[in-house]
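S.K.: Predicted model follows, preceded by the sequence.
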Amino acid sequence: MSENNTESSVGKNFITTIIDKDNETGKYEGRVATRFPPEPNGYLHIGHAKSICLNFGLAKDYKGTCNLRFDDTNPVKEDVEYVDSIMADVRWLGFDWDDRLHYSSDYFGKLYEYAVQLIKAGKAYVDSLSAEEIREHRGTLKEPGKNSPYRDRSIEENLDLFERMKNGEFEDGEHVLRAKIDMASPNVIMRDPTLYRIRKAHHHRTGDAWCIYPMYDYTHCISDSLERITHSICTLEFENNRELYDWVLETLGAYRPQQIEFARLNMTYTVMSKRRLIQLVEDGYVSGWDDPRMPTISGMRRRGYSPASIRNFCERIGVAKAANMVDFALLEFSVRDDLNRTSPRFMGVVDPIKLVIENYPEGQVEEFECQNNPEDPEAGSRMVPFSRTLYIERDDFMEDAPKKYFRLSVGREVRLRAAYYVTCTGVVKNDAGEIVELRCTYDPETRGGWSNDGRKVKGTIHWVSVDHAVEAEVRLYDHLFTKENPMDNKDGSEFKDHINPDSLEVRPRCYVEPALGKVEPGFRCQFERIGYFCADPDSTPEKPVFNRTATLRDTWKKIENNQKK
Ligand code: ATP
Ligand code: MG
C-alpha cells in the first residue's frame, strides 16, 4: 500500500515566508528544526493532526528535522497509555521522528539548574503567598498588579528555600518559584509568572524523584532551546506567552528559537480540546477515545479514514494566522476523495428484504464476475454467487412508485448488478400489512446484466444471495453534536447539552457478500451504492462488524458552491 508514502508538502504560507527569510539572512545557518510537542494527557485529535502535518511537513520540505517531544510536566494528568497512543497515531499518520524522541521530563535536572541560575541573577524568587493571594496580587487587564511581600527575599534565602522545596520539606502550595519581571507589565503573563510549584505526585517517567515540577511556559522554551529548534510553531493562544518565552531564554543567555503562532483548527459539529473529549469518554457518551464518532486520530482510524485522507485534508485547509471554523463536510470530502480511488467495491445490504425469482431454478447457483474498482483497472475482479433467493435493499422497492422512480415496483424492470434483468411481479405481506418479501421473474437472455435486444433499464440495484451471504453488524454514524458550534455558549448552554442522541445507529442483521466474511479489522471497502465501510475490531469469525466511514454522497461541493455565491 502506498498510504504511508507522504509526498504531500505543506505548500506556501506565512510560516514558510518567515523560514525563507531566515534562510536568506542565515539566522539559523539555513537549518530548519521543528518539533511536535504534545502533552500526554489524552489522545490526539484532528487538530493535532494539523500540527503534526505542519511540523513534520516543514521538516520534510526544507530537508530539516522534526522532533517528537512529550511535554510531560504535569504528573497528575499524564499517563503512559497516552504516550503510547500518541506515538502510534503519529506513525499511523505516516510520520517518523527517527531517533529524535524527547521528553521534557528528561530535562528536569537542567531545568532545575537554570532556575538556580535565575535565582542567582536576582531574576527569580520563592513566593510564599497562597494561590488565591497570588491571583489577587496579579491585577487585571486594566489595573497593574502588586508586588508580593516576599519579592525582595535575599538570593541566599531564595536558594535555600528552593533547595528545600526540591527536598520535599514543604507541602503542596506552600511555596512557588516565580520569575522576577514586572508586576505592572501590560502583558499579564509577564507579571512574575510561576516557574515551579510543589506537587507531591508520582510522575509516569521520573517516579518520585521530584516533588517540584516546572511550569509549561518555563519548560517549553528551554526544551526548544536545548533541542536547538529553529522554528517553534504553536497555536494562537500562545501569542502573549511569546514575550515570556523570549525573556527566559534571553535572561539565561541561551540559544533562542523563533516562536511562531498559527490558528488552531476548529471544526463544525465537534469539540476539539482533550479536556472536553476526556469528559465524553469518562461520562460514557462514547465507547472510548477510539469511538468512531470521536474527532480523535484513533477514532477516525477505527471509522475507516485513511492516513492519506487526513493528510490531504490538512493540506487543503492550509495554515493561517486568523482563527476560523472548518466545515466537517470538507473532512468527509477528503475522505471520499481518497477512498473512492482506493476502496474495493462489494455488495452489502444494510436494510434487507427478500427477493424471490419465481422462474429461476430451485437449487441453481451461478457466479458472476464483478469489477473490484472501476477507478482502478489494476484492482481486478471477483466472482459473486447468485441464486433464486436474494436480499436487496428495502428502499429499492416502492409500492406506489412515482414515474421517476427507477428502481423496483410491481411491473417494473431493473438490473441486478452484473447478473440479470428482473421484473417485479408482486409482494407478500404479513398480517400487519407490512411487505415481507418481493417476487419477481428474470430474463435468462440478460445474463451478466445486459440485454441483446437493446432493451434498456434505468435502474441498477445491488443484491446478495441468501444462501451465500454473511450476516454482519453495520454501525452507521452521524455527527456527535447537533449544533454547528457546540462550544458557543451564548444561550447559556454547555457543549454536552448538544450531544446528538442519534449519532449511532446499529443494524445488527445486514447481509454482505461471502468475500467480506473473512476480512481483518481495519479492512476498508465500499458497499456499492451505500457508502464506505471499515471492518471493526469488534468483528468475530462468526460475525463481521462494519463501521460506515462515510456515505457516498458529497455535501461539500454543494456547500462550497453556496459559499461562492
Ligand atoms: P488540547 O486543548 O486539545 O488539550 P493542547 O494544545 O493542550 O490541545 P497539546 O498536547 O499541548 O494540546 O498540543 C500539542 C501541539 O498540538 C501543540 O503545538 C498545539 O499547539 C497543537 N494543537 C493542539 N490543538 C490544535 C488544534 N486544534 N489545531 C492545531 N494545532 C493544535
Ligand atoms: Mg496543552
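M.R.: Arrived safely, thanks for sending. Small disclaimer: the values here were computed from a predicted structure and weren't measured. Ligands and ions are numbered 1, 2, ... in the order given.
S.K.: The residue in the stretch 351-500 of the chain that ligand 1 sits nearest to in helix, strand or coil?
M.R.: Here the residue of the stretch 351-500 of the chain nearest ligand 1 is Met487; by Cβ to the nearest ligand atom that distance is 11.6 Å. C-beta coordinates here come from the backbone N, C-alpha and C atoms, glycine included. Following DSSP: H, G, I helix; E, B strand; the rest coil, Met487 is assigned to coil.
S.K.: number of nearby residues for the residue nearest to it when sequence neighbours are not counted?
M.R.: In space, and not counting its chain neighbours, Met487 is closest to Phe495: 5.7 Å by Cβ to Cβ, 6 or more residues apart in numbering. Look at Phe495: counted by other Cβ atoms under 10 Å, it has 20 neighbours.
S.K.: Quick one: residues contacting Phe495.
M.R.: Neighbouring residues of Phe495 by Cβ atoms under 8 Å, 6 or more residues apart in numbering: 271, 276, 481, 486-487, 489.
S.K.: Mind doing that once more with 6 Å?
M.R.: Counting by Cβ atoms under 6 Å, 6 or more residues apart in numbering, Phe495 makes contact with 271, 486-487.
S.K.: What score does the residue lying closest to Lys120 once chain neighbours are set aside have for pLDDT?
M.R.: Once flanking residues are discounted, Lys120 sits nearest to Ile155: 6.2 Å by Cβ to Cβ, 6+ apart. The model reports Ile155 with a pLDDT of 98.
S.K.: What of Glu560?
M.R.: pLDDT at Glu560 comes out at 65.
S.K.: now swap in Asp478 and tell me
M.R.: Asp478 is given a pLDDT of 96.
S.K.: on that earlier part again, so what's the residue nearest to Met487 scoring on pLDDT?
M.R.: With respect to pLDDT, Phe495 has a value of 95.
S.K.: Chain neighbours aside, what residue packs nearest to whichever residue of the stretch 101-250 of the chain sits closest to ligand 1?
M.R.: In the stretch 101-250 of the chain, the residue that lies nearest ligand 1 is Thr235 (3.7 Å; Cβ to the nearest ligand atom). Closest residue to Thr235 apart from its sequence neighbours, by Cβ to Cβ, 6+ apart: Arg264 at 4.1 Å.
S.K.: isn't the one you found right up against Ile233?
M.R.: No - Arg264 is beyond contact range of Ile233, at 11.5 Å (criterion: Cβ atoms under 6 Å).
S.K.: Settle it for me: which of these two has more neighbours?
M.R.: Neighbour count, other Cβ under 10 Å: between Arg264 and Ile233, Ile233 has more, with 23 against 17.
S.K.: Residues in a beta bridge with the more buried one, which ones?
M.R.: Ile260 (DSSP bridges).
S.K.: so it touches Ile260, yeah?
M.R.: Yes - the pair Ile233 and Ile260 passes the contact test of Cβ under 6 Å, sitting 5.2 Å apart.
S.K.: what's the overlap in contacts for these two?
M.R.: Counting by Cβ under 6 Å, 6+ apart, nothing touches both Ile233 and Ile260.
S.K.: Verify the stated contact: Val76 with Ala201.
M.R.: Yes - Val76 is within contact range of Ala201, at 5.3 Å (criterion: Cβ under 6 Å).
S.K.: More neighbours: which of those two?
M.R.: Ala201 (15 against 10).
S.K.: Give me the three-state assignment for the more buried one.
M.R.: coil.
S.K.: gap between the closest residue to it other than its chain neighbours and ligand 1?
M.R.: Leaving aside its chain neighbours, Ala201 sits nearest to Pro75 (4.3 Å; criterion: Cβ to Cβ, 6+ apart). Plainly put, Pro75 is 15 Å away from ligand 1 if you go by Cβ to the nearest ligand atom, to the nearest Å.
S.K.: Identify all contacting residues around stretch 200-212.
M.R.: Contacts of stretch 200-212 (Cβ under 6 Å, 6+ apart): 75-76, 78-80, 105, 108, 165-166, 168, 172, 196, 198.
S.K.: Of the residues you listed, which pair is most distant in space?
M.R.: Val80 and Met165 (26.7 Å; Cβ to Cβ).
S.K.: out of the two, which sits in the busier spot?
M.R.: Met165 (20 against 11).
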